[in-house]
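>>> Next come a sequence and a model predicted from it.
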Amino acid sequence: MNLTLDGKHKSSYPIGMNKLPNEKRVQILNMLVEGSSMRSISRVVGVSINTVTKLLVDAGEACAAYHHEHVRGVKSQRVQCDEIWSFCYAKAKNVAAAKAAPEEAGDVWTWTALDADSKLIVAYLVGGRDAEYANEFMLDVADRLATRVQLTTDGHGAYLDAVEGAFGIDVDFATLIKQYGNAPEGTKRYSPPVCVGTRKEHWQGKPDEKHISTSYVERQNLTMRMSMRRFTRLTNAFSKKIDNHIHMLSLYFVHYNFCRIHKSLKVTPAMAAGVSDTLHAMDWIVGLIDARAPKPGARGPYKKATS
């Protein structure tokens, strides 16, 4: 077998990125969205970590562009929004003591908007949890919807002005505020707080009381943590670079919307929402990557070297 050195890892990995077969790229991308770490993928597939990273970047860029262009005009009745926490390089409380921490190190929040009926991820945004990000996120949500919706969020205060700024009065908006109690005796350090009750508050329009819920989007948060290694708690697989974190989310959301059959719906969320009429597979995402790749230019005239 003809071995070539791949990237900065001076090892005998057999495949370089420029010659990576489609089936290998499909395998790597499938492993990325099924919770494998990048280094474990490198070992299993037999490519360097640089090759895995380069493919992730290409896939993330292609998927972000596809979502931006095609998840629009969504005919929804009920949308649930939430934010999920993660971190890059170091947790916010540890950044000051971290060695050579980049500017973007610290807590990272992923905002998601989910259509409660089709389970489609309508919009997402990665960044902070302040009013600036809330405003940007809600403007994007409103821009992708074709109908008036009932919107439910948690009690995060930044949503209130953001929803009003993005929707005005053209929304039925309510919040679901969870109330937490003390953890039971004997629980472990990392046990989540116990929800002991909820409170519903109406803010705009006439939201239907029985549909004031964030259950579906919170279940999607769990799916995200199970599907992306960098979201798994208590590991060293957390994101080291914010760009790769965003690329992984872009890949995940397009795969979830367009390639993954929802267990209860029996179709993909995109098909259920009427955004797509086709069940796609991972080789389709590889095709999105190739479609964005620069085409090789015409070769110039050959000039014989002169001595």
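Happy to help now that I have it.
>>> Show the contacting residues for residue 39.
By CB atoms under 8 Å, 6 or more residues apart in numbering, the residues touching residue 39 are residue 49. Every residue, glycine included, has its C-beta placed from N, CA and C.
>>> For residue 85, see how far away residue 233 is.
Taking CB to CB, to the nearest Å as the measure, residue 233 and residue 85 are separated by 10 Å.
>>> which helix is the longest one in this structure?
Assignment by DSSP state H gives helix 49-70 as the longest helix of the chain.
>>> what distance separates the next helix or strand after that one from the centre of its chain?
As assigned by DSSP states H and E, the chain's next helix or strand after helix 49-70 is strand 78-88. Relative to its chain's centre, strand 78-88 lies at 10 Å (CA atoms, centre = their mean, to the nearest Å).
>>> ditto for stretch 230-249
Here the centre of stretch 230-249 is set off from its chain's centre by 11 Å, with CA atoms, centre = their mean.
>>> Now that stretch - C-alpha only, PDB.
Extracted in PDB, the C-alpha atoms of stretch 230-249 (Å, rounded to 0.1, in the frame of the first residue of the first chain):
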ATOM      1  CA  ARG A 230     -18.300  18.200  22.200                       C
ATOM      2  CA  PHE A 231     -21.600  18.700  24.100                       C
ATOM      3  CA  THR A 232     -21.100  15.700  26.400                       C
ATOM      4  CA  ARG A 233     -20.500  16.700  30.000                       C
ATOM      5  CA  LEU A 234     -17.500  15.600  32.000                       C
ATOM      6  CA  THR A 235     -15.200  14.800  29.100                       C
ATOM      7  CA  ASN A 236     -12.100  16.300  27.500                       C
ATOM      8  CA  ALA A 237     -13.900  16.400  24.100                       C
ATOM      9  CA  PHE A 238     -15.200  19.900  24.500                       C
ATOM     10  CA  SER A 239     -14.600  22.400  21.700                       C
ATOM     11  CA  LYS A 240     -11.100  24.000  21.600                       C
ATOM     12  CA  LYS A 241     -12.000  26.400  18.800                       C
ATOM     13  CA  ILE A 242     -15.300  28.300  18.400                       C
ATOM     14  CA  ASP A 243     -15.200  28.000  14.600                       C
ATOM     15  CA  ASN A 244     -15.200  24.200  14.700                       C
ATOM     16  CA  HIS A 245     -17.900  24.300  17.300                       C
ATOM     17  CA  ILE A 246     -20.100  26.300  14.900                       C
ATOM     18  CA  HIS A 247     -19.200  24.100  12.000                       C
ATOM     19  CA  MET A 248     -20.300  21.000  14.000                       C
ATOM     20  CA  LEU A 249     -23.600  22.500  14.800                       C
END
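>>> For it, which residues meet the burial criterion?
Residues of stretch 230-249 classed as buried by neighbour count (16 or more other CB atoms under 10 Å): 230, 231, 237, 238, 239, 242, 244, 245, 246, 247, 248, 249.
>>> what mean pLDDT would you report for that stretch?
Taken as a whole, stretch 230-249 has a mean pLDDT of 81.
>>> which strands and helices sit next to the longest helix of the chain?
Applying 3 or more CB pairs under 8 Å, 6 or more residues apart in numbering; DSSP states H and E, one finds that helix 49-70 makes contact with helix 22-32, helix 38-45, helix 242-258, helix 282-292.
>>> And the ones you listed: which comes nearest residue 93?
Using CB to CB as the measure, helix 242-258 is the one of the helices and strands packed on helix 49-70 that comes nearest residue 93, at 17.8 Å.
>>> centre of the chain versus that closest one, how much separation?
Computed by CA atoms, centre = their mean, the chain-centroid distance of helix 242-258 equals 4 Å.
>>> now that helix against helix 49-70, angle please.
Angle, helix 242-258 to helix 49-70, by axes from the mean of the first three to the mean of the last three CA atoms, to 10 degrees: 50 degrees.
>>> got a list of contacts for helix 242-258?
Counting by CB under 8 Å, 6+ apart, residues outside helix 242-258 touching it are 29, 32-33, 53, 56-57, 59-61, 63-64, 66-67, 71, 86, 88, 102, 104, 108, 110, 120-121, 124, 126, 223-224, 227-228, 230, 239, 268-270, 275-276, 280, 282, 284-285.
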